[in-house]
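Visitor: This is a predicted model, with the sequence first.
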Amino acid sequence: MDFSKLFSTLSLTGEDIPPHSTTRPAGKPKFVKFLPGDNGEGMPEIFFEDPRTYKPKPGPHGQIQTWGIFPYHKDNIWDFDGIQMMYRTMAHQFSYDNRGGKPWPEKQFMDVLKDRKREQLSKLDLADLDKKDIVIKIRLKFLQDANGDHRIWRRVRLSAGMKIGVFQDKVLSPVLNWVRNLHCYTFTDLRDGAVFGPEDANATDIMHINQVGYDYLPDDKYMLAHLFSKVGDTFGHLYDYGDKWYHEIEIEKIFPLEESYGRVQILDGKGMCPGENMRGSYRYEDFLKAYDTDSYTEQVKKRREILDCPNYKGFGKPPSLFNIDAFDIDQANERLIAALSSPNSVRAGMKAFTMPINPSAEDSRTGKLKKGQSIQREWDYESHGYWQETTSSTKDKRSQSACAACGKPGGQDLKTCSGCRAILYCSAEHQKAHWKDVHKKQCSRKYLKK
């Protein structure tokens with residue numbers, strides 16, 4: 001590709017043009033195959049290794065991030081070059097995988113790593129860890145007060161047998177107050193760097209997948225128990241491939257089998273969740289430091305900035321009543337109850353905001369809908385657009401769900417609501433209690449008329 005012509009067409013000159021490096025890994029690739037015209041320029045040097053024998057190296061904290069592909073910053077976060085990734089994609093996007101052609105060298109490498117991890121997990125003996133309850137502490141990284149204490153964290157009890165995808169959708173997101181199904185995410189086994197994420201995700205930030213590890217195993221096939229083995233272990237969570245909100249999740253306690261009942265419980269926490277789209281952990285760290293020294297007037301402006309974000313749409317109070325360091329456990333429980341009482345989010349139709357030229361225009365991201373799926377639109381006339389998401393009214397796969405009343409992952413033992421047939425329960429007792437408190441308002445009208 002002639003980049004000079006491209007930048008001329010875009011009217012970019014001088015400092016407006018991003019720097020383009022022509023460096024490439026040294027030597028010949030030991031496994032991947034390149035098409036003519038591609039010499040590996042702009043790709044991490046790890047891809048010149050043999051993925052069949054590749055051993056990832058840990059970072060400065062002894063943890064392995066993103067399959068070990070990238071070098072590390074001193075803060076243990078991987079160091080990627082997004083500009084060179086962009087140049088590489090632009091230069092070869094019409095060659096690889098085009099009309100049945102050869103897959104990208106990066107994909108050739110990643111497919112082997114994923115196969116190796118799948119094989120390892122298939123032979124793993126969990127020793128009933130998946131049947132035990134755990135207490136986890138979820139921390140947003142780099143957001144610390146003057147004493148070095150984490151400003152935003154949550155402590156939760158739940159079953160280690162919960163599928164990773166269900167955990168992100170129905171527990172972590174509502175407990176923290178991220179918007180469900182808005183952005184892509186990953187979980188990382190910090191022992192070997194293996195990455196798990198949402199299958200078929202189509203959020204806008206999926207375009208940055210190369211920056212977060214290139215590829216991952218489907219998180220609806222594996223459990224939290226696959227990410228750790230003992231108390232004190234941690235695993236990583238990245239939310240939003242564009243902004244990049246870094247989380248660390250620590251295993252604080254593992255209950256004996258006889259003391260495990262599977263119920264999801266929010267134990268305590270601290271700090272309000274950052275606003276969606278506030279540009280990630282590092283920028284929000286600066287935001288909080290400025291907030292701490294601001295005048296009252298400036299602090300109110302910053303609170304308004306947070307409250308204008310999608311995850312605070314329903315706050316319903318003036319900015320003066322927003323305490324950035326508080327944690328409202330009652331509101332968190334309300335969000336958790338609502339999430340558990342609903343079907344899993346549809347990753348192939350993730351939430352997105354659209355500003356159409358024609359109000360009746362179709363969203364190009366929308367693919368063929370499956371049985372029970374529908375497209376929901378919520379107009380925001382002040383912003384001249386609408387929020388769109390694909391939702392499902394059919395029950396989840398039992399192996400990828402949890403009890404709507406308590407959050408216990410019961411697999412094939414989960415029973416279906418005989419009315420709407422969309423919600424699953426671990427016991428008749430929980431179904432009756434949930435019906436009285438919650439589900440009576442949700443269930444199908446046809447059933448209620450009987």
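Guide: Done, it's in.

Visitor: For the chain, which segments count as strands?
Guide: Ranges of strands in the chain, per DSSP state E, are 133-140, 153-159, 185-188, 195-197, 217-218, 234-239, 245-254, 265-270, 352-354, 373-380, 385-392, 415-416, 424-425.

Visitor: Who's the closest spatial neighbour of Q373, skipping the chain neighbours?
Guide: Closest residue in space to Q373, ignoring its immediate chain neighbours: S392 at 5.1 Å, by C-beta to C-beta, 6 or more residues apart in numbering. Yep, even glycine has a C-beta here, placed from its N, CA and C like the rest.

Visitor: Please name the residues that touch C184.
Guide: By C-beta atoms under 8 Å, 6 or more residues apart in numbering, the contact set of C184 is G197, P198, A201, A203, D205, I206, I209, D240, Y241, M350.

Visitor: any low-confidence regions in this structure?
Guide: 1-22, 98-100, 358-367, 444-450 (pLDDT under 70).

Visitor: longest single helix anywhere in it?
Guide: helix 105-122 (DSSP state H).

Visitor: follow-up on the earlier one: got the contacts of C184 as JSON lines, with distance to F327 columns?
Guide: Output for the contacts of C184, formatted as JSON lines (distance: C-beta to C-beta, whole Å):
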{"residue": "G197", "distance to F327": "27"}
{"residue": "P198", "distance to F327": "27"}
{"residue": "A201", "distance to F327": "29"}
{"residue": "A203", "distance to F327": "27"}
{"residue": "D205", "distance to F327": "27"}
{"residue": "I206", "distance to F327": "31"}
{"residue": "I209", "distance to F327": "32"}
{"residue": "D240", "distance to F327": "21"}
{"residue": "Y241", "distance to F327": "27"}
{"residue": "M350", "distance to F327": "27"}
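
Visitor: Just flag the most distant two among those residues.
Guide: Pairwise distances across those peak at 13.6 Å for I209 and M350 (criterion: C-beta to C-beta).

Visitor: Show me which of the two is the more surrounded one.
Guide: M350 (24 against 16; other C-beta atoms under 10 Å).

Visitor: Okay, that one and A201: tell me how far apart.
Guide: According to C-beta to C-beta, to the nearest Å, M350 stands 6 Å off from A201.

Visitor: cool, V171 as well?
Guide: 18 Å.

Visitor: between those two, which one's more packed in?
Guide: Taking other C-beta under 10 Å, V171 and A201 do not tie; V171 has more neighbours (24 against 20).

Visitor: Give the closest residue to that one in space, chain neighbours not counted.
Guide: Leaving aside its sequence neighbours, V171 sits nearest to V264 (C-beta to C-beta, 6+ apart; 5.8 Å).

Visitor: wait, that neighbour sits on G161?
Guide: No - between V264 and G161 there is no contact under C-beta atoms under 8 Å: 12.0 Å.

Visitor: Could you list the buried residues of stretch 255-265?
Guide: S260, G262, R263, V264 (16 or more other C-beta atoms under 10 Å).

Visitor: How about stretch 206-225?
Guide: Residues of stretch 206-225 classed as buried: 206, 208-225 (neighbour count, 16+ other C-beta under 10 Å).

Visitor: Please apply the same query to stretch 339-351.
Guide: Quick answer for stretch 339-351 (16+ other C-beta under 10 Å): 339-351.

Visitor: closest to D328 among these?
Guide: Of those, the one sitting nearest to D328 (C-beta to C-beta) turns out to be A339, at 16.0 Å.

Visitor: circling back: which one, of the strands of the chain, ends up nearest to E334?
Guide: strand 265-270 (10.6 Å).

Visitor: Which strands or helices does the closest one pack on?
Guide: Judged by 3 or more C-beta pairs under 8 Å, 6 or more residues apart in numbering; DSSP states H and E, strand 265-270 is in contact with strand 153-159, helix 329-340.

Visitor: hmm, back to that, what distance do you get for the residue nearest to V171 to R157?
Guide: In terms of C-beta to C-beta, V264 sits 7 Å off from R157.

Visitor: ok, back up a step: closest one of the contacts of C184 to S95?
Guide: I209 (18.9 Å).

Visitor: Grab the nearest non-local neighbour of that closest one.
Guide: Closest to I209 by C-beta to C-beta, 6+ apart is Y241, at 6.3 Å.

Visitor: so how many other residues sit close to that neighbour?
Guide: With other C-beta under 10 Å as criterion, Y241 counts 23.

Visitor: try Y96
Guide: 18.

Visitor: again with T293
Guide: Quick note: T293 (other C-beta under 10 Å) scores 8 neighbours.

Visitor: What segments of the stretch 151-300 of the chain are helices?
Guide: Taking DSSP state H, counting those that start in this stretch, the helices of the stretch 151-300 of the chain run over residues 164-167, 173-176, 280-293, 296-307.

Visitor: between those helices, which one is nearest to K408?
Guide: Nearest of those (C-beta to C-beta): helix 164-167, 11.1 Å.

Visitor: Give me the buried stretch members for that closest one, please.
Guide: Neighbour-count burial for helix 164-167 [16+ other C-beta under 10 Å]: I164, G165, V166, F167.

Visitor: ok, and the closest non-adjacent residue to D294?
Guide: K302 is the one closest to D294 (C-beta to C-beta, 6+ apart), at 6.8 Å.

Visitor: Would you mind writing the CA trace of the longest helix of the chain as PDB?
Guide: What follows is helix 105-122, C-alpha atoms only, in PDB (Å, rounded to 0.1, in the frame of the first residue of the first chain):
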ATOM      1  CA  PRO A 105       0.800 -15.200  10.400                       C
ATOM      2  CA  GLU A 106      -0.400 -13.900  13.800                       C
ATOM      3  CA  LYS A 107      -3.500 -16.200  13.600                       C
ATOM      4  CA  GLN A 108      -1.400 -19.200  12.500                       C
ATOM      5  CA  PHE A 109       0.700 -18.700  15.700                       C
ATOM      6  CA  MET A 110      -2.300 -18.000  18.000                       C
ATOM      7  CA  ASP A 111      -4.200 -21.100  16.800                       C
ATOM      8  CA  VAL A 112      -1.500 -23.300  18.000                       C
ATOM      9  CA  LEU A 113      -1.300 -21.500  21.400                       C
ATOM     10  CA  LYS A 114      -5.100 -21.900  21.800                       C
ATOM     11  CA  ASP A 115      -5.000 -25.600  20.900                       C
ATOM     12  CA  ARG A 116      -2.200 -26.200  23.500                       C
ATOM     13  CA  LYS A 117      -4.300 -24.400  26.200                       C
ATOM     14  CA  ARG A 118      -7.400 -26.300  25.300                       C
ATOM     15  CA  GLU A 119      -5.600 -29.600  25.600                       C
ATOM     16  CA  GLN A 120      -4.100 -28.600  28.900                       C
ATOM     17  CA  LEU A 121      -7.600 -27.600  30.300                       C
ATOM     18  CA  SER A 122      -9.100 -30.900  29.000                       C
END
